[in-house]
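>>> Okay, here's the prediction I keep looking at, along with the sequence it came from:
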Amino acid sequence: MELKINQQTKKFNAESLSVQSLLDLEIPQKQNGIAIAVNNTVVPKNKWSEFFVQETDEILIISATQGG
């Protein structure tokens, strides 16, 4: 499966991936304070386990930062 994550194309050896599975592979330690959008649609955190990405989807992972 080929996905575009934050403007970078990545390949995965899986036929199906939920958003949660994808995050477990990409950023296993840092899953608090992030938002996910798939094809410009925000996926609520409570739907990550049941929302499956498709071949060639564009995923945006946004991290909250502190500062001022």
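That came through, no problem. Everything numeric here is computed off the predicted structure, so don't read it as measured data. Numbering: from 1, shown residues only.
>>> can you give me the strands for the protein?
Counting by DSSP state E, one finds strands in the chain at the ranges 2-5, 8-11, 17-18, 34-38, 41-43, 52-53, 58-63.
>>> helices or strands next to the longest one in the packing?
When contacts are defined as 3 or more Cβ pairs under 8 Å, 6 or more residues apart in numbering; DSSP states H and E, strand 58-63 packs onto strand 2-5, helix 19-26, strand 34-38. Where you see a C-beta, it was placed from the backbone N, CA and C, and this is true even at glycine.
>>> Make JSON lines from these and add mean pLDDT, distance to Ile62 and mean neighbour count to it.
Shown next, in JSON lines, are the helices and strands packed on strand 58-63 (pLDDT from 0 to 100; distance: least, Cβ to Cβ, whole Å; neighbours: other Cβ atoms under 10 Å):
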{"stretch": "strand 2-5", "mean pLDDT": "96", "distance to Ile62": "12", "mean neighbour count": "15"}
{"stretch": "helix 19-26", "mean pLDDT": "95", "distance to Ile62": "12", "mean neighbour count": "18"}
{"stretch": "strand 34-38", "mean pLDDT": "96", "distance to Ile62": "5", "mean neighbour count": "16"}
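>>> and of those, who's closest to Pro44?
Using Cβ to Cβ as the measure, strand 34-38 is the one of the helices and strands packed on strand 58-63 that comes nearest Pro44, at 8.9 Å.
>>> still on that earlier bit, relative to Leu60, which of the helices and strands packed on strand 58-63 is closest?
The closest of the helices and strands packed on strand 58-63 to Leu60 is strand 34-38. By Cβ to Cβ, the value is 4.3 Å.
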